[in-house]
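Got a predicted model here, sequence first, then my questions.
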Amino acid sequence: MSNFLPPLPQIIVEPMVRRALKEDFGNGGDVTANLLVPATAKAKLYFKARETGIISGLQPAALTFELVDTDIIFNTHITDASPVQKGDIIASVEGKVRSLLMAERTALNFMGRLSGIASLSAQFVAAVRPHKTRIAATRKTTPGLRALEKRAVLHGGGHTHRQSLSDAIMVKDNHIALAGGIEKAVAAIMKNADHMCRVSIEVDTPKQFKKVLPYGPDVILLDNMSLADLKTCVQLGKGKVILEASGGVTLASVKAIAATGVDVISVGALTHSAPNFDIGLDAA
């Protein structure tokens, strides 16, 4: 899959950036810069990678500076999804010093968070080669930042899962328990589901898998299964249904899970546990 993606529509990104700036400005903006820096002072700063990884977040970073001061010039040296080494220049920003300082932390927060997700995603994708298994993100995202965090996963070579509850039907353990059992839940869903909506059913054991398979869902999610149970389900369902493994997946375990033959491995850690990517904003 190509990692090149067009920018997200600004109507999606701008509210996120405005919320972040409002949070950082508090009630009075940057009181430190306003006291120490002349209003007319100007500078040029450079975003530099301080470690090796994959870059994401240039769009919200650029918009951060634009919303603070439309006269700021933001120049990218690379694109999102680009690999970087320690010391590489990612982008430069030029304008009034007060404006640069006001936007600095918010822009770095977006780039550090999203580049961390992209970099971790790339590690998971590399770990499952040469298997054709997809690595997919989940809805375990930072509230309010899902569109950007999902895009960062794509920049790292991964795939997305549902963007929202309305994107697809996904019957999980609580649905099954509250519906009176797996067969009742699946029968009701398959009978009433919109024909344009894909259906995924979560199962915990090969026994449940055998019950669900005849109903013909689009995806069966194999939750927290052992490698032996995953292999059993692959033998029963490969080519009949998309098989997705999920639950506690780590970099140490993902290769063995992919080797069972599942089609997709969903990894919540891509978004809920990615470390921040270290980026500096320096004068030279």
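Noted; the coordinates are in hand.

Quick check: Val13 touching Gln59?
Yes. Val13 is in contact with Gln59 according to C-beta atoms under 8 Å; the separation is 6.0 Å. C-beta here means a position set from N, CA and C on the backbone, and glycine is covered the same way.

Mutual contacts of these two, please.
Residues touching both Val13 and Gln59 by C-beta atoms under 8 Å, 6 or more residues apart in numbering: Pro7.

Where do the strands of the stretch 151-284 of the chain begin and end?
169-171, 199-203, 219-223, 242-246, 264-266, 279-282 (DSSP state E, counting those that start in this stretch).

So what touches stretch 255-268?
Counting by C-beta under 8 Å, 6+ apart, 124, 127-128, 131, 133-138, 140, 159, 161, 219, 221-222, 227, 230-231, 234, 238, 242-246, 249, 254 sit against stretch 255-268.

Any chance of a PyMOL selection covering the buried ones in these?
Only the buried entries of these go into this PyMOL selection, using 16 or more other C-beta atoms under 10 Å:
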select buried, resi 124+127+128+131+133+134+135+136+137+138+140+159+161+219+221+222+230+231+234+242+243+244+245+246+249+254
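
Mind checking which of the contacts of stretch 255-268 land in helices?
124, 127, 227, 230-231, 234, 254 (DSSP state H).

any chance of the residues you listed in TSV, with distance to Ala179 too?
What follows is the ones in helices among the contacts of stretch 255-268, written out as TSV (distance: C-beta to C-beta, whole Å):
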residue	distance to Ala179
Phe124	33
Ala127	36
Leu227	30
Leu230	25
Lys231	29
Val234	27
Val254	32
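
in the stretch 1-150 of the chain, which spans are helices?
10-25, 31-36, 58-68, 97-127, 146-155 (DSSP state H, counting those that start in this stretch).

Tell me which of those helices sits nearest to Lys207.
Among the helices of the stretch 1-150 of the chain, the nearest to Lys207 by C-beta to C-beta is helix 97-127 (29.5 Å).

Could you list the buried residues of the closest one?
Within helix 97-127, the residues scored as buried using 16+ other C-beta under 10 Å are 97-104, 106-125, 127.

Next: stretch 184-197.
Buried residues in stretch 184-197, defined by neighbour count with 16+ other C-beta under 10 Å: 185-186, 189-190.

do stretch 69-77 as well
Here stretch 69-77 shows 72, 74, 76-77 as buried, counting by 16+ other C-beta under 10 Å.

Sounds good, over and out.
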